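**Student:** give the three-dimensional model of this entry:
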Amino acid sequence: MEQQRSLSGSSQSPRSLSSQPYLSVFVTDPVKLGNGVQAYISYRIITKTNNPECQGPEKIVSRCYSDFVWLRDRLFEKYKGIFIPPLPEKSAEDEKVMLLGFVALNGSV
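**Tutor:** This is a model prediction of the structure:
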């Protein structure tokens with residue numbers, strides 16, 4: 001299951017969309033790493049863009065839940081007055097679905 005959020009999201013023709021800057025974010029491949037209390041879920045994050053200010057059209061990184069906590073905290077500090085939804089409770093079973101929703105809601109920030 002993948003969620004994608006595109007910044008360009010409009011009803012423009014495909015030809016005009018290709019000239020518009022966009023950013024797509026995919027959260028995929030949750031993998032449990034470690035054992036016992038040291039266990040955590042790692043996610044593959046793929047970003048795609050045509051923005052010339054970015055270094056390349058695609059980046060792939062791995063992140064864990066605490067990285068999303070850090071990101072939300074930074075967004076909250078930087079965009080005071082704008083609603084930044086809270087992260088869902090950390091649950092290994094539901095963690096991927098919850099983070100996908102957070103990324104989809106914040107893809108335009």
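**Student:** name the SS class of residue 74, please.
**Tutor:** Secondary structure for residue 74, judged by DSSP: H, G, I helix; E, B strand; the rest coil, is helix.
**Student:** how many neighbours does it have?
**Tutor:** Using other Cβ atoms under 10 Å, residue 74 is surrounded by 11 other residues. The C-beta positions use only the backbone N, C-alpha and C, and glycine is treated the same way.
**Student:** same check on residue 38?
**Tutor:** Residue 38, neighbours per other Cβ under 10 Å, totals 7.
**Student:** and it, what are its phi and psi?
**Tutor:** Here is the backbone geometry of residue 38 (degrees, to the nearest 10): phi -90, psi 0.
**Student:** verify the stated contact: residue 40 with residue 67.
**Tutor:** No - in this structure, residue 40 is not within contact of residue 67 by Cβ atoms under 8 Å, at 10.4 Å.
**Student:** buried residues in stretch 79-90, which are they?
**Tutor:** Applying a neighbour-count criterion of 16 or more other Cβ atoms under 10 Å, one finds 84, 87 buried in stretch 79-90.
**Student:** quick check: mean pLDDT of it?
**Tutor:** The pLDDT scores in stretch 79-90 average 84.
**Student:** again with stretch 58-76
**Tutor:** 93.
**Student:** what are the buried residues along it?
**Tutor:** In stretch 58-76, counting by 16+ other Cβ under 10 Å, buried: 63, 65, 68, 71-72.
**Student:** now flag whichever of these is closest to residue 82.
**Tutor:** For these, the residue nearest residue 82 by Cβ to Cβ is residue 72; the value is 12.3 Å.
**Student:** which non-adjacent residue is nearest that closest one?
**Tutor:** residue 87 (5.6 Å; Cβ to Cβ, 6 or more residues apart in numbering).
**Student:** again, but for residue 69
**Tutor:** residue 87 (6.1 Å).
**Student:** tell me the secondary structure for that neighbour?
**Tutor:** coil.
**Student:** hmm, back to that, go ahead and confirm the residue nearest to residue 72 touches residue 73.
**Tutor:** No - contact between residue 87 and residue 73 fails when scored by Cβ under 8 Å: they sit 9.7 Å apart.
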